[in-house]
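Visitor: Dropping the sequence and predicted coords here.
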Amino acid sequence: MKIQELQRIIKSGEHRMLELKKSTGEITKGFQTLCAFLNSDGGWLFFGIAPNMDIIGQNVTDNTLREISNEMSKIEPAIDLPSNIIPVPGKDGYSVIGIHCDGAKFGDAPYTYDGRAFYKVESTTMRMPRPMFEERLRRSNPARFAWESQTPDFLTMDILDEERIKKAVSYGVQEGRLPSTMTFDDTMELLDKFNMVENGRIKNAAAFLFAKKISSYPQFLIRMARFRGTRKEVFLDTQRLNGNFFEMLDAGMSFLFKHLFLSGEIRGMLRHEELEIPIVALREALVNALCHRLMDSNSSSVGISVFDDRVEIENTGYLPNELTVDTIKLSHKSYPQNPIIASALYRLSFLESWGTGVNKIMTACKNANLPEPEYSSGMGFVWITFKRPEHPAITVSNSDTNSDTNSDTNSDTNSDTNLDTNLDTNLDTIKLSDRHKEVLSFCMIERSSKDILNHIGVSIQKKNKKTYIGYLVENKLLIRTIPNKPTSPHQKYLNAKCARSETFNLDTSLGTSLGTNLDTIKLSDRHKEVLSFCMIERSSKDILNHIGVSIQKKNKKTYISYLVENKLLVKTIPNKPTSPNQKYLNAKCSKS
């Protein structure tokens, strides 16, 4: 290197990839930074440059070079980085010492200097946190260090749900990502083909996906909360679930369905419902959070936080070295945190091909005219934030005081006969507390009184039902779904803005009202779950998978055809009952 090149390199001053030291008297701090370069993006370390950027050099002797060699030997894994000796013009015997290194690549073991690891945070050299160090060790030798590859003594076949394994494989076969011959394999053979068995012992990866007994895995946890307003201060709903991947995914999506608004439009003969944030984007983000998180710590978890203005999905862990919160949105290769789990979920059709999931999220939000979600990382967590669209039923507030509202709620259709008072007038003349507003927001789809009171965080007592539900019914802001039977155990409530006369009086198209059906037809909990799940169009395969039964004709007849025969569920292609594109919709969401 010549002096002109040195001047060009140091021209902009110290930064993330450039460290300047006055002399080798600062060799310890210099090599700490060199270690940080090795663990970050690489860079140049120079000795012989003053803080004011003057190139002063130093007397470089054999002892100086031995000292540098000695410090280099303290870096592990061992590395040989040549020293560039650059003579300083006009100063005989004085030179600048320059050492350059490349940055870390995915899968590299972390470097240490004198037994400690360092990394760069912007232009600052810092001690590497232990979780980050351990994670990089795991990445460097997954077979040896990765949590998912460990085979604990207590993990035996009786801890796993064999029926769930077979159902998951059946789904992968149907989606074309697994060969049909795998449906004939026994459970241990299936796990072995997913690389979840080593020397006859079952790996943690299998427990994460298929465990039915999870007492030994407290990190199989999803935390869910709905907050009032825009800060984590007042809970409106909070839930926790310990379970395997599929159970956590179902719980998370159900929570999002519960707390986000459904919008709908009539297409042909049917009403099509969509969440305010695309389902495909939320599901992909949640799958990624569950799949790519750190799981070696018992305190590891995934979290969902719903606020008035946004939704956040977080997981314990760090972004790969190759990605930042900005570049993750660009086309990139996949750097899976848990490659065994990621590979299995891809083959089971629960995860997109590696590296494409983020693009799927961005595209779905763009198509829904929503802002791009934002990724963030820090304090051992990675999270994605979805902006919620503005909705007249949401009041962004962090208090629970009574207040008037001037929301514009004019409907684009005539109100039901039960709504003889204009909703806009009601909202202008009736005093509503924040809890009343939250009830109206929550009841954009049908809700039971128990669900409503739990949602707003009050005890299930008659006085609370009268205060927060009865008051809204009396003022025609909330309607009963079974108006002729106020005390029916199937009674639910709906925001009056969502009411349509044909939604709740389907005599002309179904031959009998839904209210009568629900009171006279015996429905199991699974039947009710099907009706709840089919608020948007669903395939028979999705329905049976959702309620946890095998995809067989007898189950389709029991849980789908029964509801169709009783006119509680409708086919989206009624003229072609056996169409491969056939889907099913709750009759309350259809329009004759």
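Guide: Received the coordinates, thanks.
Visitor: Show the pLDDT at residue 484.
Guide: pLDDT for residue 484: 80.
Visitor: if I look at it, how far off is residue 98?
Guide: Relative to residue 98, residue 484 is positioned 87 Å away (criterion: CB to CB, to the nearest Å). All C-beta spots, glycine's among them, are computed from the backbone N, C-alpha and C.
Visitor: Residue 119 looks like it's in a helix, true?
Guide: No: assignment of residue 119 by DSSP: H, G, I helix; E, B strand; the rest coil gives strand, placing it outside any helix.
Visitor: Can you give me the neighbour number for it?
Guide: Applying other CB atoms under 10 Å, we find 24 residues neighbouring residue 119.
Visitor: Excluding chain neighbours, give the residue nearest to the spatially most central residue of the chain in space.
Guide: By CA atoms, centre = their mean, the chain has its centre lying nearest to residue 286, at 2.7 Å. Nearest residue to residue 286, sequence neighbours excluded (CB to CB, 6 or more residues apart in numbering): residue 252, at 4.9 Å.
Visitor: Tell me which helix or strand that neighbour sits in.
Guide: Using DSSP states H and E, residue 252 sits in helix 245-259.
Visitor: Give me the helices and strands touching that helix, please.
Guide: helix 204-210, strand 221-227, strand 235-242, helix 279-291, strand 302-306 (3 or more CB pairs under 8 Å, 6 or more residues apart in numbering; DSSP states H and E).
Visitor: out of those, deepest packed?
Guide: Highest mean neighbour count among these (mean count of other CB atoms under 10 Å): helix 204-210, with a mean of 26.
Visitor: Might you calculate how far that helix sits from the centre of the chain?
Guide: Helix 204-210 sits 19 Å away from the centroid of its parent chain (CA atoms, centre = their mean, to the nearest Å).
Visitor: which residues touch it?
Guide: 147-152, 155, 159-162, 164-165, 168, 191, 194-197, 214, 217, 220, 244-246, 295, 338, 340-341, 344-345 (CB atoms under 8 Å, 6 or more residues apart in numbering).
Visitor: Where does pLDDT dip in the stretch 1-150 of the chain?
Guide: 106, 142-144 (pLDDT under 70).
Visitor: how about the strands in it?
Guide: 18-21, 42-47, 58-59, 75-76, 83-87, 94-102, 112-113, 118-121, 124-127 (DSSP state E, counting those that start in this stretch).
Visitor: With residue 523 as the reference, name the closest of these.
Guide: Counting by CB to CB, residue 523 lies closest to strand 118-121 out of the strands of the stretch 1-150 of the chain; the figure is 57.1 Å.
Visitor: Quick one: buried ones out of the contacts of helix 204-210?
Guide: Among these, those scoring as buried are 147-150, 155, 159-162, 164-165, 168, 191, 194-197, 214, 217, 220, 244-246, 295, 338, 340-341, 344-345 (criterion: 16 or more other CB atoms under 10 Å).
Visitor: if you look at these, which of them are in strands?
Guide: residue 197 (DSSP state E).
Visitor: count of neighbours near residue 572?
Guide: 20.
Visitor: got the contact list for it?
Guide: For residue 572, the contacting residues are 270, 537, 582-585, by CB under 8 Å, 6+ apart.
Visitor: Mind putting the helices and strands packed on helix 245-259 into JSON lines with mean pLDDT and distance to residue 69?
Guide: As requested, the helices and strands packed on helix 245-259 are arranged in JSON lines below (pLDDT from 0 to 100; distance: least, CB to CB, whole Å):
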{"stretch": "helix 204-210", "mean pLDDT": "96", "distance to residue 69": "43"}
{"stretch": "strand 221-227", "mean pLDDT": "94", "distance to residue 69": "50"}
{"stretch": "strand 235-242", "mean pLDDT": "90", "distance to residue 69": "54"}
{"stretch": "helix 279-291", "mean pLDDT": "93", "distance to residue 69": "45"}
{"stretch": "strand 302-306", "mean pLDDT": "95", "distance to residue 69": "48"}
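Visitor: Break down the stretch 351-500 of the chain into its helices, ranges please.
Guide: Here the stretch 351-500 of the chain has its helices, by DSSP state H, counting those that start in this stretch, at 357-367, 423-429, 434-442, 449-455, 462-465, 471-474.
Visitor: For residue 566, find the nearest of those helices.
Guide: Nearest of these to residue 566, taken as CB to CB: helix 449-455 at 23.8 Å.
Visitor: Go ahead and name everything in contact with the closest one.
Guide: 226, 236-237, 258, 438-439, 442-443, 447, 459-460, 464-465, 468-469, 491, 493.
Visitor: repeat that with 7 Å
Guide: 236-237, 439, 442-443, 460, 464-465, 468-469, 493 (CB atoms under 7 Å, 6 or more residues apart in numbering).
Visitor: cool, and stretch 80-87?
Guide: Stretch 80-87 has contacts (CB under 7 Å, 6+ apart) with 1, 3, 6, 60, 65, 68, 72, 95-99, 101.
Visitor: would you list those residues in JSON lines and tack on distance to residue 36 and neighbour count?
Guide: Shown next, in JSON lines, are those (distance: CB to CB, whole Å; neighbours: other CB atoms under 10 Å):
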{"residue": "1", "distance to residue 36": "22", "neighbour count": "13"}
{"residue": "3", "distance to residue 36": "26", "neighbour count": "14"}
{"residue": "6", "distance to residue 36": "21", "neighbour count": "20"}
{"residue": "60", "distance to residue 36": "24", "neighbour count": "21"}
{"residue": "65", "distance to residue 36": "23", "neighbour count": "14"}
{"residue": "68", "distance to residue 36": "17", "neighbour count": "20"}
{"residue": "72", "distance to residue 36": "15", "neighbour count": "17"}
{"residue": "95", "distance to residue 36": "24", "neighbour count": "19"}
{"residue": "96", "distance to residue 36": "21", "neighbour count": "23"}
{"residue": "97", "distance to residue 36": "18", "neighbour count": "24"}
{"residue": "98", "distance to residue 36": "17", "neighbour count": "21"}
{"residue": "99", "distance to residue 36": "13", "neighbour count": "20"}
{"residue": "101", "distance to residue 36": "10", "neighbour count": "19"}
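Visitor: which pair in those residues spans the largest distance?
Guide: 3 and 72 (24.3 Å).
Visitor: Check the gap between the residue lying farthest from the centre of the chain and residue 48 for me.
Guide: Most distant residue from the mean C-alpha position of the chain: residue 92, 62.3 Å away (CA atoms, centre = their mean). Between residue 92 and residue 48 the computed distance is 14 Å (CB to CB).
Visitor: Could you do residue 569 as well?
Guide: Residue 569 is 79 Å from residue 48, by CB to CB.
Visitor: same check, this time on residue 385
Guide: Per CB to CB, residue 385 is found 47 Å from residue 48.
Visitor: Residue 136 - how many residues pack around it?
Guide: When neighbours are counted by other CB under 10 Å, residue 136 comes out with 23.
Visitor: ok, back up a step: any idea which of the strands of the stretch 1-150 of the chain gets closest to residue 320?
Guide: The closest of the strands of the stretch 1-150 of the chain to residue 320 is strand 118-121. By CB to CB, the value is 13.7 Å.
Visitor: ok, and for the closest one, which residues are buried?
Guide: Quick answer for strand 118-121 (16+ other CB under 10 Å): 118-120.
Visitor: thinking again about what came up before, wait, which of the strands of the stretch 1-150 of the chain is closest to residue 553?
Guide: Short answer: strand 118-121, nearest of those by CB to CB, at 57.8 Å.
Visitor: Just checking: what are the partner strands of that closest one?
Guide: Sheet pairing for strand 118-121, assigned by DSSP bridges, gives strand 124-127 (antiparallel).
Visitor: Identify all contacting residues around the strand it pairs with.
Guide: Taking CB under 7 Å, 6+ apart as the rule, strand 124-127 contacts 32-33, 36, 116, 118-119.
Visitor: can you put those residues in a markdown table and add distance to residue 185?
Guide: Conversion of the contacts of strand 124-127 to a markdown table gives the following (distance: CB to CB, whole Å):
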| residue | distance to residue 185 |
| --- | --- |
| 32 | 53 |
| 33 | 54 |
| 36 | 49 |
| 116 | 48 |
| 118 | 48 |
| 119 | 45 |
